[in-house]
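A.B. asks: below are the sequence and a predicted model for it; my questions follow.
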Amino acid sequence: MGNATSPKKSLWRGIMMKCPRCGEGKLFNGYLKREAACPHCHESFDGLDADDGPAWLTIGLTAHIVIPLLIFLERGDLLPLWQEFSILAVVTIACALLLLPLSKGFFIAAMWLTARKSA
């Protein structure tokens, strides 16, 4: 199967949107479009479809960022309601857009590790 890497290292590589095997090649050729194989080591990523897992993880992580911010903003009358809403909307959208590719990379790396163990 090639290079032996630790699961922790492979998962980190996935989060960094790199090939879980070599850590050199890109995992995506667009925002969320997975490469068919690593452009560097040619490891195949066929069958590693993350489906709804990354969305689930992104929602959970975003909620853990936005809800404390919401509580902080609502504890006092710091800002008018429209400003609070604007801040929360921007933070929510930014977190979701930034975390989704990282979550998808993590899930692809986790599935790659699972497929590698079962082979």
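C.D. replies: Looks like it arrived, so ask away. Just so it is clear, the structure is predicted and the values come from calculations on it, not from any experiment. Numbering: from 1, shown residues only.
A.B. asks: correct me if wrong: residue 66 contacts residue 96.
C.D. replies: No - between residue 66 and residue 96 there is no contact under C-beta atoms under 8 Å: 9.5 Å. The way it works is simple: take the backbone N, C-alpha and C, and place the C-beta from them, glycine included.
A.B. asks: hmm, what's the outermost residue in the chain?
C.D. replies: Using C-alpha atoms, centre = their mean, the residue of the chain lying farthest from its centre is residue 77. It sits 34.7 Å away.
A.B. asks: against residue 10, how distant is residue 33?
C.D. replies: Distance of residue 33 to residue 10, computed by C-beta to C-beta, to the nearest Å: 21 Å.
A.B. asks: between the two, tell me which one has more neighbours.
C.D. replies: Using other C-beta atoms under 10 Å as the criterion, residue 33 and residue 10 rank with residue 10 on top: 19 against 9.
A.B. asks: how far does the strand or helix carrying the more buried one sit from its chain's centre?
C.D. replies: Using DSSP states H and E, the element containing residue 10 is helix 7-15. Taking C-alpha atoms, centre = their mean, to the nearest Å, one finds helix 7-15 lying 11 Å from the centre of the chain it belongs to.
A.B. asks: residues contacting the residue nearest the centre of the chain?
C.D. replies: Closest residue to the average C-alpha location of the chain: residue 103 at 1.7 Å, with C-alpha atoms, centre = their mean. Residue 103 makes contact with 53, 54, 55, 57, 58, 61 under the criterion C-beta atoms under 8 Å, 6 or more residues apart in numbering.
A.B. asks: ok, now residue 73?
C.D. replies: Per C-beta under 8 Å, 6+ apart, neighbours of residue 73: 79, 84, 87, 88.
A.B. asks: make a PyMOL selection of the buried ones in these.
C.D. replies: Buried members of those, defined by 16 or more other C-beta atoms under 10 Å, are picked up in PyMOL with:
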select buried, resi 84
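A.B. asks: out of the contacts of residue 73, who's nearest residue 21?
C.D. replies: Of all these, residue 88 has the smallest distance to residue 21: 39.5 Å, by C-beta to C-beta.
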